[in-house]
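Novice: 3D model of this:
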Amino acid sequence: MSVDERKIAERMLMLELKEIQKENWVNAEAQNGNLFLWDVALVVLNPTSLYHGAYLKAELKIPKDYPMSPPEFRFLRPLFHPNIYKDGKLCISILHQPGEDEMSGELASERWSAAQRIFTVLISILSLLDDAEVSSAANVDASVMLRKDPEGYKRIVKENVETSKRDIPAGFQMPTSMDNKPPPKEEEDDDFWCDSGDSDFGADSDEDMIFGRVFSACGSRWQAAD
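Specialist: I've put the predicted structure just below:
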């Protein structure tokens with residue numbers, strides 16, 4: 001990767017981080033100023049969600065060739081969920097490398113592409129929490145319990161939620177309602193894009209990318225919430 005390509009990725013990530021920090025359902029910071037490593041917490045504000053009131057800490061690792069390759073996302077506390085591995089990583093197509101996968105049946109449109117952004121990833125993860133795909137489980141125990149003992153599953157999730165609240169930072173004001181509209185489309189910086197050369201980045205609006213795309217959890221499709 002060239003120095004210019006890294007600078008382009010850093011510029012994009014700086015702009016994305018600033019936009020994401022305007023949202024009240026996520027708390028995000030670059031770890032020690034490193035734009036390729038974010039400390040993230042998802043705040044679940046949907047009152048109908050099993051995870052309502054949760055403060056879910058996570059780590060987001062972003063590759064140096066972003067946005068050509070997807071970031072890595074991992075919850076830092078265990079979450080009992082069919083599509084979350086015991087180490088906190090997720091089984092979700094949007095975080096898989098670009099292109100079709102014949103083994104899983106995932107279409108290229110369901111996986112990562114250079115048109116995706118961090119905002120898209122975080123919104124899709126929030127949606128996945130309550131739209132578990134039990135047929136392609138990362139945690140078989142959670143999948144079985146959700147199908148056979150939903151009340152037991154709910155009890156464990158509630159325990160996870162209460163445990164997550166221990167991670168709420170001192171002085172952080174938990175919001176009470178969610179505004180999950182996409183961030184406004186950024187004005188293009190002519191100098192920035194001149195540096196980057198010809199590119200298709202940003203060809204679709206954020207709204208089209210987030211609310212018009214079908215995501216999937218490990219090959220099983222599910223529709224992102226409107």
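Novice: Please enumerate the helices of the protein.
Specialist: 3-20, 118-130, 140-148, 150-164, 190-196, 206-211 (DSSP state H).
Novice: which secondary structure elements does the third one contact?
Specialist: For helix 140-148, the helices and strands in contact under the criterion 3 or more CB pairs under 8 Å, 6 or more residues apart in numbering; DSSP states H and E are helix 150-164. Quick note: C-beta positions are derived from backbone N, CA and C, even for glycine.
Novice: and the angle for the helix it packs on with helix 140-148?
Specialist: Between helix 150-164 and helix 140-148, the angle comes out at 130 degrees (axes from the mean of the first three to the mean of the last three CA atoms, to 10 degrees).
Novice: Kindly export helix 150-164 (C-alpha atoms) in CSV.
Specialist: Once non-C-alpha atoms are left out, helix 150-164 reads as follows in CSV (Å, rounded to 0.1, in the frame of the first residue of the first chain):
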residue,chain,number,x,y,z
PRO,A,150,-37.2,-18.6,24.2
GLU,A,151,-38.0,-17.6,27.7
GLY,A,152,-34.7,-19.0,28.9
TYR,A,153,-33.0,-17.3,26.1
LYS,A,154,-34.6,-13.9,27.0
ARG,A,155,-33.4,-14.4,30.6
ILE,A,156,-29.8,-14.8,29.5
VAL,A,157,-30.0,-11.8,27.2
LYS,A,158,-31.3,-9.7,30.0
GLU,A,159,-28.4,-10.8,32.2
ASN,A,160,-26.0,-9.8,29.3
VAL,A,161,-27.7,-6.4,29.2
GLU,A,162,-27.4,-5.7,32.9
THR,A,163,-23.7,-6.8,32.8
SER,A,164,-23.1,-4.5,29.8
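Novice: Name the residues of that helix that are buried.
Specialist: Buried positions in helix 150-164, judged by neighbour count with 16 or more other CB atoms under 10 Å: 153, 156, 157, 160, 161, 164.
Novice: Then stretch 34-53?
Specialist: Buried, per 16+ other CB under 10 Å, within stretch 34-53: 35-36, 38, 40-46, 49-51, 53.
Novice: Which ones among those residues map onto strands?
Specialist: Judged by DSSP state E, strands contain the following of the buried residues of stretch 34-53: 35, 36, 38, 40, 41, 42, 43.
Novice: Show me which pair in these is furthest apart.
Specialist: Using CB to CB, these span at most 23.3 Å, a distance reached by 36 and 43.
Novice: Okay then, goodbye and thanks.
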